[in-house]
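Participant: Fold the stuff below for me.
(one chain, ligands or ions: 1)
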Amino acid sequence: MKKGKLDLIDNMYEYVLDNSLRESDVLSRLRSETEKDPSAIMQIPPEQGQLMALLVKLIGAKRTIEIGVYTGYSVLCVSQAMPSDSYTVACDVSEEWSDIAKRYWKEADVDKKIDLKLAPATETLELLINDGQSGSYDFIFIDADKDNYDNYYELSLKLLKKGGLIVIDNVLLFGSVIDSELLDKKLRDKLPESSIQCVRDLNTKIKNDNRVDISMLPIADGITLARKK
Ligand code: CA
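Facilitator: Numbers count the residues shown, from 1 in each chain. Just a heads-up that it's a prediction; the model follows:
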């Protein structure tokens, strides 16, 4: 086994899930429904959702933003982990996917805490900034189109409180940050070289960004935690 490469041991992933995953029934059903969608690869794995729920509890988050909602699994994880007076801005452009999300949010009784914004996320984030909400969010999850990752990161840093946390998804991009050839054919159309380069560039930038404390985790598809100083 190479250092840190848990997936190289057979059945290690199953062991991790068997011995740590506490997925609620509603989350489990949402995940099953999402698995039938042709874009299901965009679904975060359940252990990542559980990590995010733990992170918002650790930092006592009450105000969060999610950039890229898809069918709402991670928003649901985070919302369920926060108190009843929490508030989440959920940004996406797909009505079809967010309709699935809304159904499960309502069922889990967190829908009133979630403000879904169906618009390009950069526009939504700029509106929040123009509305005077800079420095008022505790936690932001970036998981949308990779071409805008740097924009999302910069806008998130403005909206985040000092000590707040940005979680960035897909920072390893199925290995393509190291070698574009590692992407399978189906993903190649969705992730042209220019998009892969955006993720590489942001990874390099964050490594040298003194505005944040960081940790890049080689779990799921690679997650970077960046805490605003
Ligand atoms: Ca993702």
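Participant: near the ion, anything from the strand ranked longest in the chain?
Facilitator: The longest strand of the chain (DSSP state E) is strand 160-169. Yes: Strand 160-169 is in contact with the ion by Cβ under 5 Å from the ion, via residue 169. Heads up, the C-betas are built off the backbone N, CA and C, glycines and all.
Participant: Pull the residues that contact the following helix or strand past that strand.
Facilitator: Proceeding N to C from strand 160-169, the next assigned helix or strand is helix 185-190, under DSSP states H and E. The contact list for helix 185-190 (Cβ atoms under 8 Å, 6 or more residues apart in numbering) reads 41, 174.
Participant: could you measure the nearest residue in space to residue 174 that is not next to it in sequence against residue 221, distance?
Facilitator: Nearest residue to residue 174, sequence neighbours excluded (Cβ to Cβ, 6 or more residues apart in numbering): residue 183, at 5.7 Å. Separation of residue 183 from residue 221 (Cβ to Cβ, to the nearest Å): 12 Å.
Participant: before we move on, what about residue 170?
Facilitator: The gap separating residue 170 from residue 221 is 5 Å, by Cβ to Cβ.
Participant: Comparing the two, which shows the higher neighbour count?
Facilitator: The neighbour count for residue 170 versus residue 221, taken as other Cβ atoms under 10 Å, is higher for residue 170 (23 against 17).
Participant: Surely the more buried one is in contact with residue 222?
Facilitator: Yes: with contact defined as Cβ atoms under 8 Å, residue 170 and residue 222 form a contacting pair (6.4 Å).
Participant: Need the residues touching each of residue 183 and residue 221.
Facilitator: Between them, residue 183 and residue 221 share the contacting residues 173, 174, judged by Cβ under 8 Å, 6+ apart.
Participant: So the helix or strand bottoming out on mean pLDDT in the chain, near the ion or not?
Facilitator: Least confident helix or strand, the chain: helix 185-190 with a mean of 83, by mean pLDDT, DSSP states H and E. No: figure legend: helix 185-190 not in contact with the ion (Cβ under 5 Å from the ion); closest approach 11.6 Å.
Participant: Please state the offset of the longest helix seen in the chain from the chain centre?
Facilitator: Using DSSP state H, we find that the single longest helix of the chain is helix 193-207. The chain centroid and the centroid of helix 193-207 are separated by 16 Å under Cα atoms, centre = their mean, to the nearest Å.
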